[in-house]
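In: Have a look at this prediction, sequence included:
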Amino acid sequence: MADNTRNKLTTTIYGREYTIVGVESTEHLRLVARLVDEKMHEIGAQNRSLDSGRLAVLTAVNATHDYLKLEEKYQELEKELARIKGRE
């Protein structure tokens, strides 16, 4: 049976405090929060006129784009691995 223990982390993202709850380790939750904070600061520095709501949406769009590109690459690698295994 999987361990469904929930971990709770209070952290600051882009100057606001958030409580994050998940089954992942607190180290993982902390890493996620840090990466979101860094991405928001990066995008915010390039677009100083954005309010925090628009900045959050733009950060989510960027993160989703990155995720989809990684997923696409993963699928390509899976297909390549299947081709290689098919030749053995």
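Out: Now that the structure is in, tell me what you want to look at.
In: going forward, measure contacts between C-alpha atoms and count neighbours the same way
Out: Noted.
In: So which bits of the helix of greatest length in the chain are buried?
Out: Longest helix in the chain, counting residues (DSSP state H): helix 52-87. For helix 52-87, a neighbour-count test (16 or more other C-alpha atoms under 10 Å) marks Leu55, Ala56, Leu58, Thr59 as buried.
In: Next one: the last one, what pLDDT does it get?
Out: Which is Thr59. Thr59 is assigned a predicted lDDT (pLDDT) of 97.
In: Please report the distance of it from Asp51.
Out: 12 Å (C-alpha to C-alpha, to the nearest Å).
In: pLDDT below threshold where in this structure?
Out: In the predicted model, the chain carries pLDDT under 70 at residues 1-3.
In: again, only this time at 90
Out: 1-4, 85-88 (pLDDT under 90).
In: any idea which residue of it is furthest from its center?
Out: Glu88 (36.9 Å; C-alpha atoms, centre = their mean).
In: if I look at that one, how far off is Glu78?
Out: 16 Å.
In: any chance of the buried residues of helix 52-87 in JSON lines, plus distance to Asn7?
Out: JSON lines is the format used below for the buried residues of helix 52-87 (distance: C-alpha to C-alpha, whole Å):
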{"residue": "Leu55", "distance to Asn7": "27"}
{"residue": "Ala56", "distance to Asn7": "24"}
{"residue": "Leu58", "distance to Asn7": "27"}
{"residue": "Thr59", "distance to Asn7": "24"}
